[in-house]
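Enquirer: Here is my input; please provide its structure:
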Amino acid sequence: MVAANPLLTMVQETIAVARAAQRGDLVARLETVAGRVRDPRRRILVAGLGNQGKSRFVNALVNMDVCPVTDDATTTVSTVLSYGPEPRATIVAAGADGTENTREPLPFQAIPTVGTRSPQGRTVLRLELEAPSPLLADGIVVVDTPGLGAHGNTGTATILGQAPAADAVLVLTDASTELTETEVDFLRQVRELCPAVAVLVTKIDLYPHWRQVFEANRTHLRTADLELPMLPVSAVLRAHAMRLRDEGLGRESGFGLVFQFLREQVVARDQAALQRAVALDISSAAEHLALALGSELVALRDPARGAAAIRELHAAKAEAEKLHRHTATWQQTLGDGITDLAGDIDHDLRDRLREIARTAEDWIDDHDPGRHWDSIDEWLTATVGSAVGDNLVWTGTRAVRLAERVAAHFTELGAVDLPEVRGTLDGASRTASCTLSDLEPDLGLSHKLLVGVRGSYGGVIMAGMVGTMAGMALINPLSLGAGVLLGGKAFSDDKKARLAKRRADAKLAVRRYLDDIAFHAGKETKDRLHRIHRLLRDHFTAIADRTLRSLDESLRAAQEAANLEAARRTERAAELERRLRVVAELRHHANALLGPAAPGSQPQGTPQLPPGP
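Expert: Numbering: from 1, shown residues only. Okay, here's the model as predicted:
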């Protein structure tokens, strides 16, 4: 927080100047930036397949036993861990009939009992925990997520939905086996959504061969063209080291490398990004303020140049009014782009799901789904999670391109900043509630015998009746042989019929599952695109509003200056020069933060200044 104080001071000074100029629009934008400076919390997402030691790792990271750790259960809902003076737990559940989410307090000791349903029967969205940990007190927020592609849910889509809002994602994989295809796909996707991603190889204390697995994982990442840091860690060694105050064990646990990654790739990068955002906003506000001050000063000192400046301002205002109209070209580009994006994203998702359905049905036609249903469930959830994740990543990429296309309409104003479009991808996913229904279990031995006996009965009777006409007993070798043949055929026909029924039921279950995924994912996509539309619309409308207001203020000030009495011109010019010096100093500090390339840029849609005095 100490490092952020100079930034906060600069922002507050700029706010004071903007407030004195009665520019409430600039004050509101700067207040938002000041809020970011005051609240430097950084969100760390912990992800991975089930039973990889995520909860134990989180406990070791914060040096407290807050997340439940058991051998026979895995995390089922996202757990958000932040600082609080006293331990406290809260369940955030979905409201009834789509209403606002509800918050229900929970005794801390009851955390291990939390599942996907709250005590009131509502769907649990997340579990929020507060704990007095020094790491959390520094502004770190840790999120323990459900397992990727866990049985019965598509956790991948849920976790990827949280990745854009995270400052770092730590993907855990234990040292027992090499990285799976599901994990590599997830790493590829999450790297597109979060700037800081690391792979943590856990449980190195349990597996002597962890170094071979570590190197094999490095090869897998290199093959997939993923340049990601990979760190070996042991939560057990970390817990022992903290309890015994043993520095040697602490080094062997690997957590020192984790903290180094967080310092260099998360904290330092976030501070640099925040510094740049503050500098851009201050520079933009200074440009807007200097425009009015400079125009008025020119009109006061040189009426001829002031008249020329007024003409230029009239022309610039006419252009700005075009951008401000509801029929502006940029708004048409945005509307058409959102429409095209909605159609393309929906088609992409449905195409991916159709391909999955075809693959699943071809496999079912060649195998007995009843024997491999658990494997089908595992493959299907993992594949669907990957498909939904790829669709999400593509949505973010296309949204950024759309923002760039809209920004191109503002070239007359200089370079404009782009909003954080990827932040709109964040959202609660409902696809995790979709499950693949179970198949009817195969019949037992007694029923199979009953089918055979029922089929053989007719053969015994028919062959026995023929035998009696030849003077043979009803039960004779001929009738018994016929019964065996017909019984075997009846058993075989019944087996084939039940296999065909299982295949039909399996295909129906897959289709229903994919329909549920398409239904929920489609709704999430529409909500996501609505957020993107609103973000881009409000962002570029604000740029147009600020520009138009700055030009209005400048034009009004220049016109008033031209009619000002000669006796007051000197006094007013001195006041304007003083205020311009303050603005120039703010611009100088902002440009120093931005670097040598900053002075030549026109950030955030600032209008060009008129000729200087």
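
Enquirer: can we go C-alpha only for contacts and neighbour counts from here?
Expert: Fine.

Enquirer: residues contacting Ile532?
Expert: Ile532 sits next to 399, 421, 424 when contact means Cα atoms under 8 Å, 6 or more residues apart in numbering.

Enquirer: For stretch 333-345, output the C-alpha coordinates as PDB.
Expert: Output of stretch 333-345 as PDB, limited to C-alpha atoms (Å, rounded to 0.1, in the frame of the first residue of the first chain):
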ATOM      1  CA  THR A 333     -20.500  -1.000 -36.100                       C
ATOM      2  CA  LEU A 334     -21.000  -2.000 -32.500                       C
ATOM      3  CA  GLY A 335     -24.600  -3.200 -33.000                       C
ATOM      4  CA  ASP A 336     -23.800  -5.100 -36.100                       C
ATOM      5  CA  GLY A 337     -20.700  -6.600 -34.500                       C
ATOM      6  CA  ILE A 338     -22.600  -7.800 -31.500                       C
ATOM      7  CA  THR A 339     -25.300  -9.400 -33.700                       C
ATOM      8  CA  ASP A 340     -22.700 -11.100 -35.800                       C
ATOM      9  CA  LEU A 341     -20.800 -12.200 -32.700                       C
ATOM     10  CA  ALA A 342     -23.900 -13.700 -31.100                       C
ATOM     11  CA  GLY A 343     -24.600 -15.800 -34.200                       C
ATOM     12  CA  ASP A 344     -21.000 -16.900 -34.600                       C
ATOM     13  CA  ILE A 345     -20.500 -17.900 -31.000                       C
END
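
Enquirer: ok, of the contacts of Ile532, which one's closest to Pro107?
Expert: Pro107 lies nearest to Thr424 out of the contacts of Ile532, by Cα to Cα, at 33.1 Å.

Enquirer: Reduced to three states, what does Leu200 come out as?
Expert: strand (DSSP: H, G, I helix; E, B strand; the rest coil).

Enquirer: That one reaches Ser234, doesn't it?
Expert: No: with contact defined as Cα atoms under 8 Å, Leu200 does not count as touching Ser234 (9.5 Å).

Enquirer: re the thing from before, narrow the contacts of Ile532 to those in helices?
Expert: Assigned to helices by DSSP state H, the following of these qualify: Ala399.

Enquirer: What is the least confident helix or strand in the chain?
Expert: helix 445-469 (a mean of 55; mean pLDDT, DSSP states H and E).

Enquirer: ok so, going back, tell me the least confident of the contacts of Ile532?
Expert: Within the set of these, pLDDT is lowest for Thr424 (73).

Enquirer: Near it, how many other residues are there?
Expert: 22 (other Cα atoms under 10 Å).

Enquirer: looking at it, it is touching Asp527, isn't it?
Expert: No: Thr424 lies out of contact with Asp527 (Cα under 8 Å); the separation is 9.5 Å.

Enquirer: Please identify the nearest residue in space to Ala279, excluding sequence neighbours.
Expert: Once flanking residues are discounted, Ala279 sits nearest to Ala590: 4.5 Å by Cα to Cα, 6 or more residues apart in numbering.

Enquirer: ok, the one you found - contacts?
Expert: So Ala590 contacts 278-280, 282-283 (Cα under 8 Å, 6+ apart).

Enquirer: Secondary structure, neighbour count and pLDDT for the residues you listed - can I get that in TSV?
Expert: TSV is the format used below for these (DSSP: H, G, I helix; E, B strand; the rest coil; neighbours: other Cα atoms under 10 Å; pLDDT from 0 to 100):
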residue	secondary structure	neighbour count	pLDDT
Val278	helix	24	83
Ala279	helix	27	84
Leu280	helix	23	82
Ile282	helix	30	85
Ser283	helix	29	82
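
Enquirer: of those, closest to Leu594?
Expert: Once Cα to Cα is applied, the member of the contacts of Ala590 that ends up nearest Leu594 is Ala279, at 6.3 Å.

Enquirer: My read is that the closest one contacts His588, right?
Expert: No: applying Cα under 8 Å as the test, Ala279 and His588 come out as separate, 9.8 Å apart.

Enquirer: Go through the contacts of Ile532 and name the one nearest Pro195.
Expert: Lowest distance from Pro195 to the contacts of Ile532 (Cα to Cα) belongs to Val421, with 13.9 Å.

Enquirer: Just the buried residues of the helix or strand hosting the residue nearest to Ala279, please?
Expert: Element membership for Ala590, per DSSP states H and E: helix 566-594. By 16 or more other Cα atoms under 10 Å, the buried positions in helix 566-594 come out as 569, 572-573, 576, 579-580, 582-584, 586-588, 590-591, 593-594.

Enquirer: chain center to stretch 227-235, what's the gap?
Expert: Distance, stretch centre to chain centre, for stretch 227-235: 22 Å (Cα atoms, centre = their mean, to the nearest Å).

Enquirer: Can you tell me what sits against that stretch?
Expert: Contacts for stretch 227-235 (Cα under 8 Å, 6+ apart): 56-57, 60-61, 197-205, 214, 218, 221, 252-255, 257-258.

Enquirer: Export that stretch to CSV, keeping only CA atoms.
Expert: C-alpha atoms of stretch 227-235 as CSV (Å, rounded to 0.1, in the frame of the first residue of the first chain):
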residue,chain,number,x,y,z
GLU,A,227,5.9,-21.5,-22.0
LEU,A,228,4.7,-21.6,-18.4
PRO,A,229,6.6,-21.6,-15.2
MET,A,230,6.5,-25.0,-13.4
LEU,A,231,7.2,-25.3,-9.7
PRO,A,232,7.5,-28.4,-7.5
VAL,A,233,5.8,-28.0,-4.1
SER,A,234,4.8,-30.0,-1.0
ALA,A,235,2.0,-28.7,1.2
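
Enquirer: Let me see the ranges of the helices in the stretch 301-450 of the chain.
Expert: 303-324, 329-366, 373-407, 445-469 (DSSP state H, counting those that start in this stretch).

Enquirer: next SSE after the host helix or strand of Leu125?
Expert: In the assignment (DSSP H and E), Leu125 maps to strand 124-131. Tracing the chain past strand 124-131, the next element assigned as helix or strand by DSSP H and E is helix 134-137.
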